[in-house]
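Participant: quick check, what structure comes out for this input:
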Amino acid sequence: MSVRSEPAVDTGAVPSTGRLHAAVGTAPLDVAFHESVVADAAAGAVVSFQGVVRDHDHGRSVLRLEYEGHPSAADVLREVAAEIAADPDVRAVAVSHRLGPLEIGDVALVAAVSTAHRAAAFSACARLVDEVKARLPVWKRQLFADGTEEWVNCP
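Facilitator: Alright, predicted model coming up:
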């Protein structure tokens with residue numbers, strides 16, 4: 001299911017910032033794109049994060065992943081991004097989550113935040129990623145080398 005794909009940019013005003021981008025879709029994600037969205041002449045720091053598909057989980061060999069999202073995923077992601085953007089230290093926020101089949105090394109989540117100072121940028125980006133992981137209605141199906149599979153974060 002594709003809710004919204006890259007590189008659409010939502011430049012609507014949000015509290016304390018001029019830019020916010022939040023997207024859920026099947027297109028590959030690009031950290032440079034997200035960093036460009038949050039670029040700001042008043043920002044002395046841009047912190048970005050890439051969640052990359054790894055080849056193992058709890059000692060088991062992972063072959064690939066599949067992500068499925070609830071139809072509300074894009075709205076939830078925008079809410080989370082807007083909450084982080086409401087921090088008066090934050091200049092701009094960009095975050096995207098990928099759906100569909102992903103291979104080892106593919107990027108599943110990208111987040112970028114700009115602020116005037118580095119400590120605030122690191123903190124805001126960490127909060128953004130943590131809130132996305134906690135609240136986004138996206139479920140991960142892991143396919144293991146031994147032929148088994150597991151759903152993660154599934155209600």
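
Participant: pLDDT averaged over the longest helix seen in the chain - what is it?
Facilitator: Longest helix in the chain, counting residues (DSSP state H): helix 118-135. Regarding helix 118-135, the rounded mean pLDDT is 98.

Participant: helix or strand: which one has residue 108?
Facilitator: Element membership of residue 108, judged by DSSP states H and E, is strand 107-115.

Participant: mind listing what's buried in that strand?
Facilitator: By 16 or more other C-beta atoms under 10 Å, the buried positions in strand 107-115 come out as 107-115. All C-beta atoms are positioned from the backbone trio N, CA, C, and that covers glycine.

Participant: CA atoms of that strand as PDB?
Facilitator: The C-alpha trace of strand 107-115 is given here as PDB (Å, rounded to 0.1, in the frame of the first residue of the first chain):
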ATOM      1  CA  VAL A 107      16.800   2.500   3.700                       C
ATOM      2  CA  ALA A 108      13.400   2.100   5.500                       C
ATOM      3  CA  LEU A 109      13.300   5.300   7.500                       C
ATOM      4  CA  VAL A 110      15.000   8.700   7.000                       C
ATOM      5  CA  ALA A 111      14.700  11.600   9.400                       C
ATOM      6  CA  ALA A 112      16.400  15.000   9.300                       C
ATOM      7  CA  VAL A 113      16.200  18.000  11.600                       C
ATOM      8  CA  SER A 114      17.800  21.400  11.600                       C
ATOM      9  CA  THR A 115      18.400  23.700  14.600                       C
END
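
Participant: wouldn't residue 100 be in contact with residue 24 here?
Facilitator: No - Residue 100 lies out of contact with residue 24 (C-beta atoms under 8 Å); the separation is 10.7 Å.
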